[in-house]
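Got a predicted model here, sequence first, then my questions.
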Amino acid sequence: MKTINLENYKLNEDEHLDENHLPVCNKCGMKRYIINPFNNQIQICLCKCQKANFDEQQARFESQQLSIKIEKTRFLSLLGKRYQNVNFDNSELDSQNIEIYSKVKDYAEHYEEMLNKGLGFYIYGKNGVGKTHLLACLCNYLIEHAQACCFTNFLNISENLKEAYISKQEESGVIEKYSRVNFLIIDDLGKESFKKIKSDTENLWLEEKIFEILNNRYNNMLPTIFSSNYSLIELSTVFGFDKGIVDRIYEFSSSIFEMKGKNRRYSVYKLENQ
C-alpha cells in the first residue's frame, strides 16, 4: 500500500469522494483507502474491482508464461513430430494393451511423486506393439505439465557424445544434459547394441559414458524410463550389454512391464497396401 498526499491526489474516473473526501469505487462502493491506526496516515488500497482485475491480469500473465515454458519444454524434449499430438485419450486401446496404458497413465498422473522418489520403469515387448507410442503419450503428458523431459535412445546419446569428442567440445556438457533432465525416456533399447556399430575401443568408451549418465541419474534419484524389444536378461545374455548398465537399468525400474499385442505397424502397412 502507498501513503497518499490528499493535496496531490488525482481522482480517477471510476471513483468519487466520500464524506471524508477520500476515494471510493463507483462500481463496488468499496473504499480505496485505509487509515493507518498507528500514525493516522492515509494509504491507498485496491477495491474489489481492482483486485479482481489485478488477479485476472496476473492469471493471464501466468498462463502466457506457462505456454512459453511448455513450448520450450517441447522443443528440448527431442520428441519427434510424428508423436507430438499423441496422448492417452486419443490412443487405440484393446484388451491386450489397455492394462499397461492404464498403468503408465497412472504413473504420468502421479509424476510429482515419481520425480520425488526417482521412480522409473522398464517396458518390453515385440516389435510394433506400440511401446514408442505409449512412451510418447507419457512424454506429452509431462510436457503439458511443464516437466523437463527428454525422449531419446542410446544411439542418439552416443552420437552426441561422439560429436562432442570429434569437435573437441567438452563431453561433460552432453553428459550433464542427460544427467540433469527431470525425466529421461530411452526408447528402443537394444537396437543400437554397441558391439554391432562400434570398435572395441570406442565401444568401451561409450559404455563408460552411458554408465556415467545412468549413474548420475541414479545417485540424484531422477526417473529414467526405458523401452525395448528385449527383456533385461536378453540385453545381457544375447546382446552383451555391459552388466553395470543392465544392473543400473534394473535398479531404476520400480516396475517391469511386458507389452503384448499385434504388430500395429504391419497392420497399418497391410491396410495401406490393400
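Here it is on my side, so go on. Residues are numbered from 1 along each chain as shown.

So Tyr178 is in contact with Glu212, correct?
No: Tyr178 is beyond contact range of Glu212, at 9.6 Å (criterion: C-beta atoms under 8 Å). All C-beta atoms are positioned from the backbone trio N, CA, C, and that covers glycine.

quick one, which of those two is more surrounded?
Neighbours were tallied for Tyr178 and for Glu212 using other C-beta atoms under 10 Å; the higher tally belongs to Tyr178 (24 against 16).

which residues does the more buried one contact?
Going by C-beta atoms under 8 Å, 6 or more residues apart in numbering, Tyr178 touches 150, 152, 157, 184, 213, 217.

From Asn182, how far off is the first one?
Cys150 is 9 Å from Asn182, where distance means C-beta to C-beta, to the nearest Å.

quick one: common contacting residues for these two?
Common neighbours of Cys150 and Asn182, counting by C-beta under 8 Å, 6+ apart, are absent.

These two: which has the busier surroundings?
Set side by side, Cys150 and Asn182 show more neighbours around Cys150, with 21 against 15, by other C-beta under 10 Å.

Run through who's touching the one helix or strand the more buried one maps to.
Using DSSP states H and E, Cys150 sits within strand 149-152. By C-beta under 8 Å, 6+ apart, the surrounding residues in contact with strand 149-152 are 73, 76-80, 83, 135-136, 139, 142-143, 177-178, 181-187.

Buried only: go through the residues you listed for me.
The neighbour count (16 or more other C-beta atoms under 10 Å) marks 73, 77, 79, 83, 135-136, 139, 142-143, 178, 181, 183-187 as buried among the contacts of strand 149-152.

and which of the residues you listed is nearest to Glu109?
Leu142 (10.9 Å; C-beta to C-beta).
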